[in-house]
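A.B. asks: Got a predicted structure here, sequence first:
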Amino acid sequence: MNTKKNSKNGLYAAVAGLLLFTGLMIYAMNRDASYVPSQLVGQPVPAISAATAQGSAFELQSMKGQGRWIVINFWSTTCVVCRVEAPELERFWRENASKSTAEPMFVSINIQDEIADILNYQKELSLSFPVVADRIGKISLDFGVYGTPETFFIDPKGIVRHRVAGEVDRNTILGFVDWLEKNPSITTLQAIEGFGQVRARSASGG
């Protein structure tokens, strides 16, 4: 009898959890089409250890603990939206992330393209930032990436704070990092609202 009761309670809890997640996803998508639910939000960022397309070793651990935010962008050479956002990411890299200041750091991760294709893509679009080559897709799998582009915002403690699907630009990245810093204890729904507000201001030139 107790076993059946426990099983029934477990089933109710699972259904309630699924309904809550589904409700959150529907609400979020209605508020912001760029939002994609992620179980990583609120959790430590997964470790990344891989080679870059430029031939150097990359360890995400070496970037953590520097008191700086980290912006991680996943992309692929066949992604049309990635091509559109690439100049803005280059601007963010050149004007902000590449400097040894309190600006956010930037990690560009290509998913499963050949090294030659990555380098040709960067040459064509005049991109200078290093690219982590996720050759077998393990990194994207660890992050639960659905498609490209996707961008993750990691706080100075190494905690994933938000995930965005779709195009981002330099001003939105900087504005949202500033917003997150000023709102350290926000809920997922508040983060969705905050990102939408920041992106709207960026689009209007504010």
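C.D. replies: Yes, it's here.
A.B. asks: Against Glu85, how distant is Phe176?
C.D. replies: 14 Å (C-beta to C-beta, to the nearest Å). (Each C-beta comes from the backbone N, C-alpha and C, glycine too.)
A.B. asks: Which one's more surrounded, these two?
C.D. replies: Phe176 (27 against 20; other C-beta atoms under 10 Å).
A.B. asks: mind listing what's buried in whichever strand or helix holds that one?
C.D. replies: Phe176 belongs to helix 170-182 when elements are defined using DSSP states H and E. The neighbour-count check on helix 170-182 (16 or more other C-beta atoms under 10 Å) flags Arg170, Asn171, Thr172, Ile173, Leu174, Gly175, Phe176, Val177, Trp179, Leu180 as buried.
A.B. asks: And those residues, which is closest to Gly137?
C.D. replies: The closest of the buried residues of helix 170-182 to Gly137 turns out to be Ile173 (C-beta to C-beta; 24.7 Å).
A.B. asks: I figured the closest one hits Phe92, correct?
C.D. replies: Yes: Ile173 is within contact range of Phe92, at 5.7 Å (criterion: C-beta atoms under 8 Å).
A.B. asks: if I've got this straight, Ser202 is in a helix?
C.D. replies: Yes: when classified by DSSP: H, G, I helix; E, B strand; the rest coil, Ser202 is found to be part of a helix.
A.B. asks: OK, contacts around it?
C.D. replies: Counting by C-beta atoms under 8 Å, 6 or more residues apart in numbering, Ser202 touches Asp169, Asn171, Thr172, Gly175.
A.B. asks: which SS class is the residue lying closest to the last one once chain neighbours are set aside?
C.D. replies: Looking back up the chat, that one is Gly175. Sequence neighbours aside, Val198 is the residue nearest to Gly175 in space, at 4.2 Å (criterion: C-beta to C-beta, 6 or more residues apart in numbering). Following three-state DSSP, Val198 is assigned to helix.
A.B. asks: quick one: contacts for Val198?
C.D. replies: Each residue near Val198 by C-beta under 8 Å, 6+ apart is listed here: Thr172, Gly175, Phe176, Trp179.
A.B. asks: Leaving out chain neighbours, which residue sits closest to the last one?
C.D. replies: Read that as Trp179. Nearest one to Trp179, counting by C-beta to C-beta, 6+ apart, is Gly194 at 5.0 Å.
A.B. asks: Surely the one you found and Phe176 touch.
C.D. replies: Yes: contact status for Gly194 versus Phe176: in contact at 7.1 Å, counting by C-beta under 8 Å.
A.B. asks: so what are the domain limits for the chain?
C.D. replies: 1-31, 35-203 (automatic domain parsing).
A.B. asks: deepest of those, which one?
C.D. replies: Highest mean neighbour count of the domains of the chain: domain 35-203, a mean of 17 (counted as mean count of other C-beta atoms under 10 Å).
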